[in-house]
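Q: What follows is a predicted protein model with its sequence.
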Amino acid sequence: MKALNVRPFGISIGEELEARILPGGNPFDIGRPYQVIEGKYSGVEIPQTHAITIPKEKLYTEQQYKTLTNELQQVRQELKVSKGRNSLLEVRLEERRRAAVGWEKSWEKQRKMNQQLKQELKTVAISEKVILPQDVANALEKCRDAEMSDYGIITLSVNPKNLYRDYPSEVIDALYVIKQYTYTYSSEDSERDTGADKLLKALVHGYTVELSLQDRLKKGVQEIYEKWTTIPTSGNDQADGADLAERISTFVTSEMKQ
């Protein structure tokens, strides 16, 4: 209810209160007063001539309605701006995502290139290794076991006879083996690729041990046989056996000349 004329009760005109029609014993008794049921005026009875009943649901004046409408329009505009900002953020996020994917692909490509380069360097390093005779390889290891540097191996092998006070006889013998090897020359190499050149390369790039004659013959004959078994037979066992024998004989003769 809304109060109209209730100053005697201390209630302001136009004040809205939660009230009820005061119940009575006679159901046909009309015009019964209002009774306030909430707030500081709870229990106060107000004649119906001093108040009017208003709907429970909230009603707005024209000014209040305009104010609410303006606020609603403002909220809608802010939402529109917010959506625009969100769209811009989504575009920027997509750009960042694409840039990240591009960087990841670039990094993966670079990683593969690095792996390939490492493999190539490893291959080059292996290909640059020198093949040394077994006795020379043993001599190098003997000198290194004596804590001799690569530079020391080169310089001390020039004149080992003056080193008996400093190193045991087996190390001196190893230096003599190295010294003798530095004067050798291989006709398969270039004119400058002497034993000394090979020794320097071996100390810088590493080396592998040359197979003994017996090991070379075993390996070579095995390879010849495996290859020969893949050749279609002629149907003549004697001719096929002669062909295999000729291949092995040629190989062995070549190895024996080295």
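A: Thanks, I have the structure now. Computed from a predicted structure; not experimentally measured.
Q: Helices along the protein, start to end?
A: Using DSSP state H, the helices of the chain run over 62-127, 134-145, 150-156, 169-182, 195-205, 213-228, 237-257.
Q: I'd like those as TSV, with distance to Val36 and mean pLDDT appended.
A: The C-beta positions use only the backbone N, C-alpha and C, and glycine is treated the same way. Below are the helices of the chain laid out as TSV (distance: least, C-beta to C-beta, whole Å; pLDDT from 0 to 100):
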stretch	distance to Val36	mean pLDDT
helix 62-127	25	74
helix 134-145	111	93
helix 150-156	111	90
helix 169-182	120	92
helix 195-205	108	87
helix 213-228	115	87
helix 237-257	125	86
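Q: could those helices be laid out in JSON lines, adding mean neighbour count and distance to Thr53?
A: Below are these laid out as JSON lines (neighbours: other C-beta atoms under 10 Å; distance: least, C-beta to C-beta, whole Å):
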{"stretch": "helix 62-127", "mean neighbour count": "10", "distance to Thr53": "21"}
{"stretch": "helix 134-145", "mean neighbour count": "17", "distance to Thr53": "114"}
{"stretch": "helix 150-156", "mean neighbour count": "15", "distance to Thr53": "113"}
{"stretch": "helix 169-182", "mean neighbour count": "18", "distance to Thr53": "123"}
{"stretch": "helix 195-205", "mean neighbour count": "18", "distance to Thr53": "109"}
{"stretch": "helix 213-228", "mean neighbour count": "12", "distance to Thr53": "114"}
{"stretch": "helix 237-257", "mean neighbour count": "12", "distance to Thr53": "124"}
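Q: Now render those as JSON lines, adding distance to Glu45.
A: Formatted as JSON lines, these follow (distance: least, C-beta to C-beta, whole Å):
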{"stretch": "helix 62-127", "distance to Glu45": "31"}
{"stretch": "helix 134-145", "distance to Glu45": "119"}
{"stretch": "helix 150-156", "distance to Glu45": "119"}
{"stretch": "helix 169-182", "distance to Glu45": "128"}
{"stretch": "helix 195-205", "distance to Glu45": "116"}
{"stretch": "helix 213-228", "distance to Glu45": "122"}
{"stretch": "helix 237-257", "distance to Glu45": "132"}
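Q: just so I know, which of those lies nearest Ile11?
A: Ile11 lies closest to helix 62-127 among these, at 22.7 Å (C-beta to C-beta).
Q: list the helices and strands that closest one packs on?
A: Contact partners of helix 62-127 among helices and strands, from 3 or more C-beta pairs under 8 Å, 6 or more residues apart in numbering; DSSP states H and E: none.
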